[in-house]
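Colleague: coords below, sequence missing:
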Ligand SMILES: Cc1cc2nc3c(=O)[nH]c(=O)nc-3n(C[C@H](O)[C@H](O)[C@H](O)COP(=O)(O)OP(=O)(O)OC[C@H]3O[C@@H](n4cnc5c(N)ncnc54)[C@H](O)[C@@H]3O)c2cc1C
């Protein structure tokens, strides 16, 4: 049995995993990263828009600070997130951007003077302060009160990931590529590493560690149409679920973006509609005004996605070999505007669709985009079910995003949680030893070997790809943007049937070494467990919150549903997870549940809400001379590693 | 303007062309396996890319076929391969581009072969990064006070650095490089592009004397024979030749 020992094992080399590894290594720990692919190819590279942090240097960011960022994040989450975590996050985000600046990210900078910009489809001139010239610039994004999204032209994820991986190389952190974690090593209530399959040789290796961090990204590829990279298959969440002890949180919270191209699923920025583009159906008819007379194409992301789906269900979609779609029409913006302001859109249309958006309509469809759910952790990033198991980034349900994450808060979360959780991981490593017997490791490794043996030995059986596409279709059609009890129940039953069938997969290519079909077979069995978990959570949650929309339960119901869904897969032979809930305590919230500001307010309130609102008012009145930090601390104290506690300086206001 | 509803992507509806993919097959993990070409036929669909076609071959015809895709949007640099003689990103190559419907795919040369169309660019790029020390050398990077206002940077300089930072390490330049074929340790355009990027960055305090130590020989910038393969194939249209010529001038001035 091949065994590799380390202190801090990090599974995943995207932004989140790299940052945890950097923290471990800087604390003097032996650190090792596993990745399916070279680090710089991780999905983090695909982020284009930007990273939120309240630096407040841009003129449209004036007055921004942690408090404003915090409130935007809570509303965005539809009150479904952990408010203490949101506080930790908004406090450290400015530090994260500045640290990345020091490590080489060429953030776009403020240019003092007058600039012409388009706001609300109107051309206006804004004046950037000369004093701010050369500081980090920010742009506007959905759901934010201020221009808070820091960016590097249209390549933010790329520049962040390169700077971060380069830091890891500087620190000489080994990254074992083309290695897939296929099981967690655990005994009692403690996790001690992972069983890992070498994707080239097929060899199984045990990586034994004091602390193990899951940083494997989201689970978007369970859906048939997604903006996510092809490797975003939720394997970190799946192997956590398979421990039977560590739960996943809020797996039913899945975000859809209205406009990705068909068939490739590549994202078309919201800027297309922001600048005046419209959506059209099979008849070339502009349909959004019929549904949303006021905001039309510029209703919020989830609303537009819902309306588009509704319209296609009425048979108004454009048929194509890749399924129905609608048209995004930006031709009305004119050649000059498109080629100057929507350069990326133009390039994607030309290379992927062979069309020119100046004269042609763009085929688009609402598309799976982000996974809010994941490995459920407490504020230190540690699993609530297994000690020594941590999770960060999109793989985690830390829980910063609740039921809907704001654009720009995700790459921010990867780095910020990497910084914070990285310190807690190091603390944990410093005070613990590896305590696991070799026979436990051998047992888990043998179990994984047996799974592979069984697949390779079976002379014939179900087709991997048929099962995978059936799963993707079910989730897309029945666990998508719109959800109803009937459809969810159908999906639940069908997915369970697929899980049964997946136990009888027969491979055409029956070798153990580099074998993509074997990889896909092992993954599809695990993805089905996640798919069933997503579906069961959605079926049970009889309310609409953030991205989880139940047509049969349109209200947000704080009275019964202000709680996080926890899912446990107790036994390998089970066909569904056990579901439990963790209540969110209104009495401790800094920002008690309120109206999010979209559509009509049909919230069913919780009895504690009014009392907490009253209490907060009293606390504030009792401290007339207190500054914002003191008030915040009185309302909801939160923890941070010592090195991140200091206040953040901003131009013009210092640390006020 | 033509009616956009009926003319989606140029290909008429109904049955598409039969495309012929000639693909190099070789799995070094299988004892006794030898390289050979294999042909697959795929029915073309509108908007089909090589990414879509290869997945269709894997899912319907031969599940042992190895290739690498990650973002499939031309951003991550995973899918470089030689497509009808030219290194390029497979994910954003439309099959419609090949009028005779014959498409030959080979793995990128100059990298360790993993199997079929999959090569180990990761190992190469990590070694390249270690060789040129592709990180900011300076006190700011070691000891960053992130609580105070960040160091200012001229907005034009930030944009100029970003232009050179856009390299996605796909390896096309290395595969297209005539010099690399003759000199195994030649750094190659991807390395020079990173050097140019860090040299431009005022946060990095390395001097031309320092850079000379890294690229001031025939495995470095003096080895380049200006055959332009890098610039011709770079999927990101980076200005390789200008940067190499510029670095060469700077290095000549050192000694
Ligand atoms: C098109 C697109 C645009 C986006 N734009 C923005 C934006 O503008 N702003 C924003 O804030 N967010 C954006 N997001 C979201 C954001 O990019 C991601 O949420 C974030 O980058 C995820 O980072 P991560 O480190 O958690 O995971 P990833 O970057 O996905 O990395 C996962 C890592 O885990 C490894 N891995 C996975 N499974 C295993 C396993 N079993 N064993 C070993 N290794 C494994 C992989 O190799 C990889 O290295 C965007 C997302 C998409 C899809």
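Modeller: Received, thanks. What you are looking at is a predicted structure, and each value in this text was computed from that prediction instead of being measured. Numbering: from 1, shown residues only, chains lettered A, B, ... in the order given.

Colleague: return the residues in contact with residue 62.
Modeller: Picking chain A for this. Counting by C-beta atoms under 8 Å, 6 or more residues apart in numbering or on different chains, residue A:62 touches A:56, A:146, A:652. Any C-beta I mention is one placed from the backbone N, CA and C, and that applies to glycine too.

Colleague: wrong chain, I was asking about chain B
Modeller: Under the contact definition (C-beta under 8 Å, 6+ apart), the residues listed for residue B:62 are A:508-509, B:38, B:40.

Colleague: now secondary structure and distance to the ligand too, for the residues you listed, in JSON lines please.
Modeller: As requested, the contacts of residue B:62 are exported to JSON lines (DSSP: H, G, I helix; E, B strand; the rest coil; distance: C-beta to the nearest ligand atom, whole Å):
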{"residue": "A:508", "secondary structure": "coil", "distance to the ligand": "24"}
{"residue": "A:509", "secondary structure": "coil", "distance to the ligand": "21"}
{"residue": "B:38", "secondary structure": "strand", "distance to the ligand": "29"}
{"residue": "B:40", "secondary structure": "strand", "distance to the ligand": "28"}
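
Colleague: out of those residues, which end up buried?
Modeller: residue B:40 (16 or more other C-beta atoms under 10 Å in any protein chain shown).

Colleague: and stretch A:328-348, end to end?
Modeller: 14 Å (C-alpha to C-alpha, to the nearest Å).

Colleague: is it positioned near the ligand?
Modeller: No - remark: stretch A:328-348 sits outside contact range of the ligand, by C-beta under 6 Å from any ligand atom, the gap being at least 10.8 Å.

Colleague: rewinding a little: now the contacts of residue B:62 in TSV, with pLDDT?
Modeller: As requested, the contacts of residue B:62 are exported to TSV (pLDDT from 0 to 100):
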residue	pLDDT
A:508	96
A:509	95
B:38	98
B:40	98
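
Colleague: secondary structure element for the closest residue to residue A:177 other than its chain neighbours?
Modeller: Leaving out its chain neighbours, the residue that sits closest to residue A:177 by C-beta to C-beta, 6 or more residues apart in numbering or on different chains is residue B:122, at 4.7 Å. Assigned by DSSP states H and E, residue B:122 falls within helix B:121-132.

Colleague: which parts of the stretch 551-656 of chain A sit against chain B?
Modeller: By the rule C-beta under 8 Å from any C-beta of the partner chain, the part of the stretch 551-656 of chain A lying against chain B is A:646-651.

Colleague: mind doing that once more with 10 Å?
Modeller: A:643-651, A:654-655 (C-beta under 10 Å from any C-beta of the partner chain).

Colleague: where does the residue nearest the centre of chain A sit: helix, strand or coil?
Modeller: Closest residue to the average C-alpha location of chain A: residue A:394 at 3.8 Å, with C-alpha atoms, centre = their mean. When classified by DSSP: H, G, I helix; E, B strand; the rest coil, residue A:394 comes out as helix.

Colleague: surely it and residue A:232 touch.
Modeller: Yes - counting by C-beta atoms under 10 Å, residue A:394 touches residue A:232, with 8.1 Å between them.

Colleague: does stretch A:497-509 reach chain B?
Modeller: Yes - shown here: stretch A:497-509 in contact with chain B (C-beta under 10 Å from any C-beta) through A:507-509.

Colleague: before we move on, the earlier item: spell out which residues are contacts of both of residue A:394 and residue A:232.
Modeller: With contacts taken as C-beta atoms under 10 Å, 6 or more residues apart in numbering or on different chains, residue A:394 and residue A:232 have A:14, A:43, A:216-220, A:371 as neighbours in common.

Colleague: distance of residue A:539 from residue A:580?
Modeller: 15 Å (C-beta to C-beta, to the nearest Å).

Colleague: compare those two and say which is more crowded by neighbours.
Modeller: Each of residue A:539 and residue A:580 has its neighbours counted (other C-beta atoms under 10 Å in any protein chain shown); residue A:539 has more, 21 against 12.

Colleague: tell me the confidence at the more buried one?
Modeller: We have a pLDDT of 98 for residue A:539.

Colleague: hmm, back to that, ok, so of the contacts of residue A:62, who is nearest the ligand?
Modeller: residue A:146 (15.9 Å; C-beta to the nearest ligand atom).

Colleague: tally of neighbours for the residue lying closest to that closest one once chain neighbours are set aside?
Modeller: Spatial nearest neighbour of residue A:146, excluding adjacent residues (C-beta to C-beta, 6+ apart): residue A:64 at 4.0 Å. When counting by other C-beta under 10 Å, one arrives at 26 neighbours for residue A:64.

Colleague: just checking, residue A:64 is part of a helix?
Modeller: No - counting by three-state DSSP, residue A:64 is located in no helix; its state is coil.

Colleague: just to revisit the earlier point, for residue B:77, state which of the shared contacts of residue A:394 and residue A:232 is nearest.
Modeller: Using C-beta to C-beta, residue A:43 comes nearest to residue B:77 of those, at 12.8 Å.

Colleague: mind listing what that closest one touches?
Modeller: Residues in contact with residue A:43 (C-beta under 10 Å, 6+ apart) are A:12, A:14-15, A:37, A:157, A:161, A:217-218, A:220, A:227-232, A:393-394, B:70-71, B:75-76.

Colleague: kindly report the residues of the stretch 1-150 of chain A close to the ligand.
Modeller: Within the stretch 1-150 of chain A, the positions adjacent to the ligand are A:11-17, A:34-37, A:42-44, A:46-51 by C-beta under 6 Å from any ligand atom.

Colleague: so of these, which ones are in helices?
Modeller: Applying DSSP state H to those, the entries found in helices are A:15-17.

Colleague: residue 177: what's it in contact with?
Modeller: This is for chain A. Neighbour list for residue A:177: A:13, A:33-39, A:41, A:199-200, B:120-123, B:126 [criterion: C-beta under 10 Å, 6+ apart].

Colleague: let me rephrase: I mean chain B.
Modeller: By C-beta under 10 Å, 6+ apart, the residues touching residue B:177 are B:87, B:109-110, B:183, B:186-190, B:224-225, B:227-230, B:233, B:240.

Colleague: all good on my end, thank you.
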